[in-house]
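1. Quick check, what structure comes out for this input:
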Amino acid sequence: MKLFVAEFVGTLLLVLLGDGVVAACLLRRSKAENGGWMVITTGWAMAVAMAVYAVGKISGAHINPAVTLGLAAVGKFAWNQVPAYLAAQFLGAFLGAILIWLVYFPHWRETEDPALKLAVFSTAPAIRHPLANLFTEIVGTAVLLFGVLAITGDSGAAASGLAPLLIGLLVWAIGLSLGAPTGYAINPARDLAPRLAHALMPIPSKGGSDWGYAWIPVVGPVVGGIAGAAAYVKLFGA
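-> Numbers count the residues shown, from 1 in each chain. The predicted model follows:
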C-alpha cells in the first residue's frame, strides 16, 4: 500500500504541475498566457524532478507506466508489482487533471478554442501523421528510459542526491529536442488519464477528446520504454 500511495502521489504531482504549466500558458486571461514552449518544457521538467524527489526513496518514482513496464521487461522490476504501480499512476494522473480543472475553473469559459482546452490535458501532433507521430513517441521514450538507467546507475549521482534533478533535465532535453512534433507524452498515464478526465468533466464548449489519436501516446511510450531499457542493458549489461 505504501508503494501504491507513493506512485499515486508522485504521478498526481507530475500531472498537477505539468498540466498546470500548460494551462497557465494556453488558457485565456491567465497571467502566464502565451508563455510559450520554453515555459512549458521547463515546467514539465521541474514537475518530473519534484515528483521524483517527493517519492523516489519510497517507490522509485516510476510515475510512468512506460518506466514500470520497461524496467520489468529487463528484469529490474518485479512483474507482480506492475498492476498496482500502473493503477496508482493512472489514478494519480486522473486526480491531477481534476485538480487542474478546479484550479483554472474560471478560465475554461474565457477560452474559446476547444483545442486549447484539450491541450491542457493531453497531447496532439503538430502535423497529424500516425506513423511519424508513433515513431516520435517511441524515440522520445526510448531516450527517457536509456537516460534514467544511466542516471540511476551512476553511484555519484545517487550519492549526491542530484539524480531527480538530472532526470528532470533529461525530460527538459527531450521536450526541447524531440517533443515539438507530438507534444511528447512519453508517458501513457500522463496522456490517457487526463484525456479521460477531459471527456468526463463539464468543461464549457470543450469539444471532443480526440480518441482517434489517443492510442499513439499509449503504444508509442510503452514500445519506446521497453526498447530504451533493453538497449541500455544490452550495451552496458547493467
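2. Now A173: which helix or strand?
-> Counting by DSSP states H and E, the element that carries A173 is helix 163-178.
3. ok, then the element right after that helix?
-> Tracing the chain past helix 163-178, the next element assigned as helix or strand by DSSP H and E is helix 188-200.
4. got the buried residues for the helix holding A173?
-> When burial is assessed from 16 or more other C-beta atoms under 10 Å, helix 163-178 yields the following buried residues: 163-175, 178. (C-beta placed from N, C-alpha, C; glycine too.)
5. Around R28, how many other residues sit close by?
-> By the measure other C-beta atoms under 10 Å, the count of residues near R28 is 14.
6. Please name the residues that touch it.
-> With contacts taken as C-beta atoms under 8 Å, 6 or more residues apart in numbering, R28 has the following neighbours: H107, E110, T111, E112.
7. For L169, which non-adjacent residue is closest in space?
-> Counting by C-beta to C-beta, 6 or more residues apart in numbering, A45 is the residue found nearest to L169 once chain neighbours are left out, at 6.4 Å.
8. Looks like that neighbour contacts W172 (just checking).
-> Yes. Applying C-beta atoms under 8 Å, one finds A45 in contact with W172, separated by 3.4 Å.
9. Could you count how many residues lie near F77?
-> When neighbours are counted by other C-beta under 10 Å, F77 comes out with 19.
10. So it, which state does it fall into?
-> Judged by DSSP: H, G, I helix; E, B strand; the rest coil, the three-state class of F77 is coil.
11. ok, and the residue nearest to it when sequence neighbours are not counted, which helix or strand is that part of?
-> If the residues on either side of it in the chain are set aside, F77 comes closest to L71, at 3.9 Å by C-beta to C-beta, 6+ apart. L71 belongs to helix 65-73 when elements are defined using DSSP H and E.
12. what's that helix packed up against?
-> For helix 65-73, the contact count by 3 or more C-beta pairs under 8 Å, 6 or more residues apart in numbering; DSSP states H and E identifies helix 82-103, helix 130-152, helix 188-200, helix 216-236 as packing neighbours.
13. So which of those is the most surrounded?
-> Between these, the one whose residues have the most neighbours on average, counting mean count of other C-beta atoms under 10 Å, is helix 188-200 (a mean of 24).
14. in the worst-scoring helix or strand of the chain on mean pLDDT, what counts as buried?
-> Confidence across the helices and strands of the chain bottoms out at helix 155-160, with a mean of 82, counting by mean pLDDT, DSSP states H and E. Neighbour-count burial for helix 155-160, with 16+ other C-beta under 10 Å as criterion, is recorded at A157.
15. If I take the biggest helix by length in the chain and helix 188-200, what angle do their directions form?
-> In the chain, taking DSSP state H as the definition, the longest helix is helix 2-26. Helix 2-26 and helix 188-200 are oriented at 60 degrees to each other (axes from the mean of the first three to the mean of the last three C-alpha atoms, to 10 degrees).
16. Now the element after helix 2-26, going C-ward?
-> With DSSP H and E, the next secondary element past helix 2-26 is helix 37-59.
17. what helices or strands is that next one leaning on?
-> helix 2-26, helix 163-178.
18. Can I get stretch 64-82 in PDB, CA atoms only?
-> Coordinates of the C-alpha atoms in stretch 64-82 are reproduced here as PDB (Å, rounded to 0.1, in the frame of the first residue of the first chain):
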ATOM      1  CA  ASN A  64       5.100   6.500 -15.700                       C
ATOM      2  CA  PRO A  65       3.800   3.100 -17.000                       C
ATOM      3  CA  ALA A  66       6.500   3.100 -19.700                       C
ATOM      4  CA  VAL A  67       9.100   3.200 -17.000                       C
ATOM      5  CA  THR A  68       7.400   0.500 -15.000                       C
ATOM      6  CA  LEU A  69       7.000  -1.800 -18.000                       C
ATOM      7  CA  GLY A  70      10.400  -1.000 -19.400                       C
ATOM      8  CA  LEU A  71      12.100  -1.900 -16.100                       C
ATOM      9  CA  ALA A  72      10.100  -5.000 -15.700                       C
ATOM     10  CA  ALA A  73      10.900  -6.100 -19.200                       C
ATOM     11  CA  VAL A  74      14.600  -6.100 -18.500                       C
ATOM     12  CA  GLY A  75      14.400  -7.700 -15.100                       C
ATOM     13  CA  LYS A  76      14.800  -4.600 -13.000                       C
ATOM     14  CA  PHE A  77      11.300  -4.600 -11.500                       C
ATOM     15  CA  ALA A  78       9.100  -7.400 -10.300                       C
ATOM     16  CA  TRP A  79       6.200  -8.200 -12.700                       C
ATOM     17  CA  ASN A  80       3.900  -9.000  -9.800                       C
ATOM     18  CA  GLN A  81       4.100  -5.300  -8.700                       C
ATOM     19  CA  VAL A  82       3.300  -3.900 -12.100                       C
END
